[in-house]
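> Everything below, folded, please.
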Amino acid sequence: MQGVLTGFAVIAVVIGVGYAIGRRGYLGDHGREVLTKLAFHVASPALLFTTLAQTDLSVIFSSRLLVTALSTAAAAGVFVAVGVVRHWGVGRTTIGALCSSYVNSGNLGIPIAVYVLGDASLVAPVLLFQLVGVTPIALTILDLSGGGAEKGPLWRRLLTPLRNPIAVGSLAGVAVSAAGVRVPSPVLDPLTLIGGMSVPAVLLAFGISLCGSTMPGRGPDRGPVLLSVALKSVGQPAAAWALAAGVFGLRGAPLLDVVVTSALPAAQNLYTYASSYRVGERLARDSILVSTVISVPVLVVVAALLG
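Numbering: from 1, shown residues only. The predicted structure is shown next:
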């Protein structure tokens, strides 16, 4: 349980610092926007490249990856179906689907994997699947729907993953790892240093965004927020448990691994995506905040039942 509490305590402290910065106005009126752009265009691509370039890609060929992919598709699919019926719009529905299924596998998943599961590499399949599979698709949909992208020829817009900085960083890291190339220290070390700004920048920007905001789960986004939180906190881990135990026959530690990673809250970088494309910002912020709070007891219960 210490790992769960430690991971959340670290995140809470950094978000709290961001909130204090916003309240005191230390970064001016555009501080949140600057941090968001720094994370999206510079720090996050560097972090993803350095992480994936040094990852053994053989970890993705496992039943755990299939469970992750299927449970992610199930949670996101339910939100998309409801979004289509309720006419929530492409961009808003895409952000909501991400908040329903895209787990915080980085800054929260890694410490929990270390302290609860005993192996940081157990989050690698989730991280790779989200970065290489989910992120390019979601960002392409946001671009094609007009969220922050300039209109242009269809062929140019279909090449969006090759122009998006986060997707480029992810795919470049996978390519380096697959080729077995060892990145020289003079190249890797500066990128690692720059990538270290990603998580703090995202969390600080998230904290600043809370200044002057109303209580989460209110207003026109109440329905989408409640749905995304329910799917993320209960629906996805339940689907992962059913698939892992009932379909793939996982038991013991492997079963605990996939359920714990599926029960992680929505990732903070989803707010960065929403802010960058100027769509569903409040939906992302509220969903991340509420799912993070709720995931504490959820993870404790999962660890107690399956651990």
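> mean confidence for stretch 245-259?
Averaging pLDDT along stretch 245-259 gives 91.
> With stretch 6-15 instead?
80.
> Quick check: buried residues in it?
By 16 or more other C-beta atoms under 10 Å, the buried positions in stretch 6-15 come out as 7-8, 11, 14-15. C-beta coordinates here come from the backbone N, C-alpha and C atoms, glycine included.
> Next: stretch 41-60.
42-53, 55, 59-60.
> Keep only those of these that are in helices.
Members of the buried residues of stretch 41-60 lying in helices (criterion: DSSP state H): 44-53.
> May I see the residues you listed organised as CSV, with distance to L70 and pLDDT added?
Formatted as CSV, those follow (distance: C-beta to C-beta, whole Å; pLDDT from 0 to 100):
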residue, distance to L70, pLDDT
S44, 26, 86
P45, 28, 88
A46, 31, 91
L47, 27, 88
L48, 24, 84
F49, 28, 89
T50, 29, 89
T51, 24, 83
L52, 22, 82
A53, 28, 88
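> Could you work out the most separated pair of those residues?
S44 and A53 (14.5 Å; C-beta to C-beta).
> Check the gap between V174 and F49 for me.
9 Å (C-beta to C-beta, to the nearest Å).
> follow-up on the earlier one: now distance to L65 too, for the ones in helices among the buried residues of stretch 41-60, in JSON lines please.
JSON lines is the format used below for those (distance: C-beta to C-beta, whole Å):
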{"residue": "S44", "distance to L65": "22"}
{"residue": "P45", "distance to L65": "23"}
{"residue": "A46", "distance to L65": "25"}
{"residue": "L47", "distance to L65": "21"}
{"residue": "L48", "distance to L65": "18"}
{"residue": "F49", "distance to L65": "21"}
{"residue": "T50", "distance to L65": "22"}
{"residue": "T51", "distance to L65": "17"}
{"residue": "L52", "distance to L65": "15"}
{"residue": "A53", "distance to L65": "19"}
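> closest to L142 among those?
Nearest to L142, judged by C-beta to C-beta, of these is S44 at 15.5 Å.
> excluding its backbone neighbours, what's nearest that closest one?
S198 (4.6 Å; C-beta to C-beta, 6 or more residues apart in numbering).
> show me what contacts the nearest residue to A46 once chain neighbours are set aside?
Nearest residue to A46 in three dimensions, chain neighbours excluded: G195, at 3.8 Å (C-beta to C-beta, 6+ apart). Shown in contact with G195 (C-beta atoms under 8 Å, 6 or more residues apart in numbering): 43-44, 46-51.
> Good, wrapping up.
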